[in-house]
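Chemist: I need the structure of the sequence given here:
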Amino acid sequence: MERKRRVRAIWGLAGAVLAVAAIVVPLLVLAGSGQATLTAETYADVIRFGVQGAGTLQIQIYDLAEKELWDSGAISSDFVDWDRTDTWGERLANGYYLYLAQAWDMSGSLILSKTGKVALLPGDQVQLQQAPIVSNSGSTTGGAVPPYQPMGLSDAGVFATVGIGTSSPTSLLQVVKNQNGITNADISNSTDGTTGVASMTLTGVPGSQFRVANAAPSFTAIPEFAGTGYFDANASVLNGFIISAASPGGKIRFYTAGRAPGNMRMIITPSGQVGIGTANTAAQLTVQAASGNLIAAYNSSSRTPGAAVFVVTSNGDVKADGSFYGASLIVGSADVAERINASEWVEAGDVVEIDPDHAGFFRKSTDPYSRRVAGIISTSPGVILGNSTDSETDDWDDSRPVLAIAGRVPTSVTTENGPIAVGDLLVASSTPGVAMRGDPSVSVGAVVGKAMEPLSEGVGSIMAQVMLR
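Modeler: From the prediction side, this is the model:
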């Protein structure tokens, strides 16, 4: 069955050539160059195909639509008799049919593989026919050129080869415009001399090469490239590879999983703008993603969670393992804060102190003039220090509270120790997490900030300048 499938592929090529041949040369005996001779003659009430020196012979008959009509199978003989009937025992009418003849010698070596037409004539006569190979030579502008073949069909081997512009095709289909070496197109079942690798090669200027293939012999040792398509350019020509849009306004688009609108992954516009994840290129480089990271940079080959040293998330967070260096930092908020561990629930504006019962943790301030005070919980800091990453999920969303260590922050205050005026020192009050005006004479070691707004009575929130003293 495998041999039959290969034979059908042959007729897809040979049938096209035979159909366009305007002149058919009748031959009683056909012999390919370097092959054994195939004969066909009427013998009694059968047609006898013979190959001298054959140990095994097989003849297959097809109609002009390439449908198999009869197969002798591999016969251990140097001749095969055919009674002009098809597989179902129906006698074939006079006319033209296609044949494939294959013969092997006693050692099993292939000595003949031939395709062509068989003509069933009145009076039980038979003729074997094939399309001619027409040669031509001449000259063109620019000087004489060697003789070239407008078309050729080779039946050497089980897989027939077709050549356009050459009489000796070396691939299943080879197209050559051999005048001054302008164009060569080659569709082959091998690349770089290695069989079994499908490819297409187009050659223009001698020495240049463009190749599309489903694998490359030099890549087979690299699992990442095994079985993948690739473009290959000869580095000796133009020192590289060029992809160009067909028109000045053309765009270069990259798709995966088909060319559906939602499957475009990258675009390059005529002006050189690049869009990744979007066709709406609002800048020279536009990156769009609804979730995950927009950018992740690594300093090693590791892609384990947390291995990125620089990340820009889809919600705009920028996170880096290293230091930041710049002439200035302009942000919407006015304080610098750090992540802390809290032993109880704290909110923005709360005054917190070191928790004496839990090392490394903080809690709301509890006593007036507490000298354990550490600062004020920030609302929306401009810079956050001490963010941590979940190594199992690669999640940078640290939900711990942030403690302002410099800058201006809203602060919960009370007039427990009298009205607060601008410039007053702020210390912990008897209300947990709330600040009050401090007496400068007893405030050393207890100050968390300085009031930037007044509060005449009650409890409220004012802007305070963070300072520990």
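
Chemist: from here on, contacts and neighbour counts on C-alpha atoms
Modeler: Noted.

Chemist: quick one, phi/psi of Asn263?
Modeler: phi -100, psi 0 (degrees, to the nearest 10).

Chemist: pLDDT at the nearest residue to Arg371 once chain neighbours are set aside, what is it?
Modeler: The shortest distance from Arg371 to any non-neighbouring residue, by CA to CA, 6 or more residues apart in numbering, is to Ala446 (4.5 Å). In the predicted model, Ala446 carries a pLDDT score of 93.

Chemist: element containing Ala446?
Modeler: Under the criterion DSSP states H and E, no helix or strand holds Ala446.

Chemist: burial of the nearest residue to Val126 once chain neighbours are set aside, as a residue count?
Modeler: Sequence neighbours aside, Leu120 is the residue nearest to Val126 in space, at 4.9 Å (criterion: CA to CA, 6+ apart). Other residues near Leu120 number 19, with proximity taken as other CA atoms under 10 Å.

Chemist: mind listing what Leu120 touches?
Modeler: If you count contacts by CA atoms under 8 Å, 6 or more residues apart in numbering, Leu120 has them with 93-97, 126-127.

Chemist: most neighbours, which of the residues you listed?
Modeler: Val126 (22 neighbours).

Chemist: does that residue sit in a helix or strand, and which one?
Modeler: Per DSSP H and E: Val126 is located in strand 125-130.

Chemist: would you confirm that the residue nearest to Arg371 contacts Asp367?
Modeler: No. The criterion here is CA atoms under 8 Å, and Ala446 misses it with Asp367 at 10.5 Å.

Chemist: mind listing what's buried along stretch 429-444?
Modeler: Of the residues in stretch 429-444, those buried under the neighbour-count criterion (16 or more other CA atoms under 10 Å) are 429-438, 443.

Chemist: which regions of the stretch 151-300 of the chain sit below the pLDDT cut-off?
Modeler: The model of the stretch 151-300 of the chain has pLDDT under 70 over residues 151-161, 165-168, 170-172, 175-249.

Chemist: and Gln465, what is it in contact with?
Modeler: Gln465 is in contact with 406-409, 449-452, counting by CA under 8 Å, 6+ apart.

Chemist: picking up where we left off before, more neighbours: Ala446 and Asp367, which one.
Modeler: Higher neighbour count among Ala446 and Asp367: Ala446, with 22 against 18, using other CA under 10 Å.

Chemist: residue contacts, that one?
Modeler: 369-373, 427-428, 468-469.

Chemist: related to what we said a few turns ago, could you check how far the residue nearest to Arg371 is from Val427?
Modeler: 6 Å (CA to CA, to the nearest Å).

Chemist: and Gln127, how far from Ala119?
Modeler: Taken as CA to CA, the span from Gln127 to Ala119 is 5 Å.

Chemist: now do the shared contacts for those two.
Modeler: With CA under 8 Å, 6+ apart, Gln127 and Ala119 have no common neighbours.

Chemist: alpha carbons of stretch 452-460, in CSV - could you do that?
Modeler: Written as CSV, here are the backbone C-alpha positions of stretch 452-460 (Å, rounded to 0.1, in the frame of the first residue of the first chain):
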residue,chain,number,x,y,z
MET,A,452,1.9,71.1,58.3
GLU,A,453,-1.8,71.9,58.9
PRO,A,454,-3.8,73.0,62.0
LEU,A,455,-6.6,71.2,63.8
SER,A,456,-8.6,73.2,66.3
GLU,A,457,-10.5,70.5,68.1
GLY,A,458,-11.6,66.8,67.9
VAL,A,459,-10.1,64.1,65.8
GLY,A,460,-9.1,64.5,62.1
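
Chemist: buried stuff in it?
Modeler: Buried-residue list, stretch 452-460, by 16+ other CA under 10 Å: 452, 455.

Chemist: need the contact partners of that stretch.
Modeler: Contact with stretch 452-460 is made by 412-416, 418-423, 462-465, as judged by CA under 8 Å, 6+ apart.
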